[in-house]
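Participant: predicted model, plus sequence, below.
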Amino acid sequence: MEFDFDLLCELTETSGVAGYEDRVRTIVRREFAETVDDVQTDAMGNVVGTIEGDSPYSVAVAAHMDEIGFMVRHITDEGFVQLDALGGFDPRVLRAQRVTVHTDDEDLTGVIGSVPPHTLTDEQRSADDKVKDVYVDLGLDGETVEDRVSVGDLVTLQQTTIEMGEMVTGKALDDRVCLLAMLEAARRIEDPAVTIHFAATVQEEVGLRGATALGVDIDPDLAIALDVTVANDVPTIGSEADAVTSLGDGVAIKLKDSSVITSPKVHRRMKTLAEDREIPFQLEVLPAGGTDTAGFQNTHGATPVGALSIPTRYLHTVTETAHVDDIDATIELLTALLETETGEHNYTL
């Protein structure tokens, strides 16, 4: 791999749910300090690292910092913690998971319990899993939990990021692997023809909120979003069409998702550039799911937008998995796109 794997591990293993991205933001600001001309943080928590170009034409590149997680909504008399989701969780993947409860004073380890199959009733076997029915066991009595945990404390799933064959796997690759790609591109860019705003956004998982605010505040002439995308190239998916993308086939150039139709002239330039540079790529048509791309498209007038995606298996779980070659290809195409942007391309229709 050509990217900084240790930095990827740090980014993915650091907690930062929607609205509370503080720990990740500290890493981003540290990394920007040596690569950009100016770093700003706004009232929502978005971080923008700017490299000044020779032209007033500006490009925004966005990757979101937040991960899906939970907020404590109730503590039972016995000390079990109930949760409210921050982002789109599939409750089926929560059984028997280890979690961290982030209080004001400390991080506490807990587990989401699962009733042994030996004692399940017929009603329990047929019931649909729901986040509101999840209980976190902290291994402490009720009085101690009441003293140490409060409603509103944050909860994240625990997992480390590791190499697995030709892949990397762990939690929060959505979207920290794209945050890594953006930081890597910022390292490689020198003397761009246009001004580039590298934006680490907040609250994407709860409605693209950070990017929508930034679309007004920095009002770019062109916006490129980075996010992971579905790679259902696994045996349980019957149709190749339903795979969306495949691991190892290259960076995905987004044509559409449920929130945006990318600007045709932008994605055609991406495709031509990838062909010219011999960067492996695939085209992405995502039937469901939105990205920061939509947050920039029309919040301050019409803006041409494009998006690059890293194919990822098992999204919104603690075993999200991406191919190292696809990560490298994403960094390479993003860097090439920014290095060749002159502000003179006509993206209007």
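Facilitator: Structure received. Numbering: from 1, shown residues only.

Participant: helix or strand for the residue nearest the centre of the chain, which one?
Facilitator: Nearest residue to the geometric centre of the chain (Cα atoms, centre = their mean): D175, 1.7 Å. According to DSSP states H and E, D175 maps onto helix 173-188.

Participant: tell me where the stretch 51-200 of the chain has helices.
Facilitator: All helices of the stretch 51-200 of the chain, identified by DSSP state H, counting those that start in this stretch, fall at 122-126, 142-148, 173-188.

Participant: buried stuff in the second one?
Facilitator: By neighbour count with 16 or more other Cβ atoms under 10 Å, helix 142-148 contains the buried residues V145, R148. All C-beta atoms are positioned from the backbone trio N, CA, C, and that covers glycine.

Participant: could you do the longest one as well?
Facilitator: Judged by neighbour count (16+ other Cβ under 10 Å), helix 173-188 contains these buried residues: 173-187.

Participant: which of those residues sit farthest apart?
Facilitator: Of all pairs drawn from the buried residues of helix 173-188, the one with the longest distance (Cβ to Cβ) is D174 and R187, at 22.3 Å.

Participant: need the contact list for the residue lying closest to M164 once chain neighbours are set aside.
Facilitator: Sequence neighbours aside, T321 is the residue nearest to M164 in space, at 7.0 Å (criterion: Cβ to Cβ, 6 or more residues apart in numbering). Counting by Cβ atoms under 8 Å, 6 or more residues apart in numbering, T321 makes contact with M164, M167, V168, T169, L173, L247, T312, R313, Y314.

Participant: looking at those residues, spot the one nearest N232.
Facilitator: Nearest member of these to N232, counting by Cβ to Cβ, is R313, at 7.6 Å.

Participant: surely that closest one touches A231?
Facilitator: Yes. Between R313 and A231 there is a contact at 4.9 Å, judged by Cβ atoms under 8 Å.

Participant: who touches both of the two?
Facilitator: Counting by Cβ under 8 Å, 6+ apart, the contacts common to R313 and A231 are L247.

Participant: which of the two has more neighbours?
Facilitator: Between R313 and A231, counted using other Cβ atoms under 10 Å, the more crowded position is A231 (29 against 23).

Participant: how close does that one sit to L315?
Facilitator: When distance is defined by Cβ to Cβ, to the nearest Å, A231 is 8 Å away from L315.

Participant: related to what we said a few turns ago, among the helices of the stretch 51-200 of the chain, which comes closest to V36?
Facilitator: Smallest distance to V36 across the helices of the stretch 51-200 of the chain (Cβ to Cβ): 6.1 Å, for helix 173-188.

Participant: OK, contacts around the residue lying closest to E21 once chain neighbours are set aside?
Facilitator: Closest residue in space to E21, ignoring its immediate chain neighbours: M65 at 4.3 Å, by Cβ to Cβ, 6+ apart. M65 is in contact with 16, 21, 24-25, 28, 45, 47, 175-176, 179, 200-202, counting by Cβ under 8 Å, 6+ apart.

Participant: repeat for G110
Facilitator: By Cβ under 8 Å, 6+ apart, the contact list for G110 reads V81, R98, V99, T100, V101, V136, D137, L138, G139, V155.

Participant: repeat the analysis, applying 10 Å as the threshold.
Facilitator: Residues in contact with G110 (Cβ atoms under 10 Å, 6 or more residues apart in numbering) are 80-81, 97-101, 135-140, 145, 149, 155, 158.

Participant: can you list the buried residues in stretch 201-213?
Facilitator: T201, V202, Q203, E204, E205, V206, L208, R209, G210, A211, T212, A213.

Participant: roughly how far out does that stretch sit from the chain middle?
Facilitator: A distance of 11 Å separates the centroid of the chain from that of stretch 201-213, by Cα atoms, centre = their mean, to the nearest Å.

Participant: do stretch 322-336 as well
Facilitator: With Cα atoms, centre = their mean as the basis, stretch 322-336 stands 15 Å off its chain's centre.

Participant: then stretch 199-209?
Facilitator: Chain-centre distance of stretch 199-209: 9 Å, with Cα atoms, centre = their mean.

Participant: that stretch - what's its average pLDDT?
Facilitator: On average, the pLDDT along stretch 199-209 is 95.

Participant: show me the protein divided up by domain.
Facilitator: 5-67+171-339, 70-157 (automatic domain parsing).

Participant: most packed of the ones you listed?
Facilitator: domain 5-67+171-339 (a mean of 21; mean count of other Cβ atoms under 10 Å).

Participant: gap between stretch 13-23 and the chain center?
Facilitator: The answer for stretch 13-23 is 11 Å, by Cα atoms, centre = their mean.

Participant: next one: stretch 341-349
Facilitator: 28 Å.

Participant: residues touching it, excluding its own?
Facilitator: The contact list for stretch 341-349 (Cβ under 10 Å, 6+ apart) reads 53-59, 192-196, 221-222, 224, 263-266, 268-269, 302-306.

Participant: repeat that with 6 Å
Facilitator: S55, Y57, V59, A193, V194, S263, K265, V266, P304 (Cβ atoms under 6 Å, 6 or more residues apart in numbering).

Participant: any idea of the mean pLDDT for stretch 87-99?
Facilitator: Per-residue scores along stretch 87-99 average to 88.

Participant: and what of stretch 38-53?
Facilitator: 97.

Participant: just to revisit the earlier point, mind putting the helices of the stretch 51-200 of the chain in JSON lines, distance to Y347 and mean pLDDT included?
Facilitator: JSON lines is the format used below for the helices of the stretch 51-200 of the chain (distance: least, Cβ to Cβ, whole Å; pLDDT from 0 to 100):
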{"stretch": "helix 122-126", "distance to Y347": "53", "mean pLDDT": "73"}
{"stretch": "helix 142-148", "distance to Y347": "54", "mean pLDDT": "96"}
{"stretch": "helix 173-188", "distance to Y347": "20", "mean pLDDT": "97"}
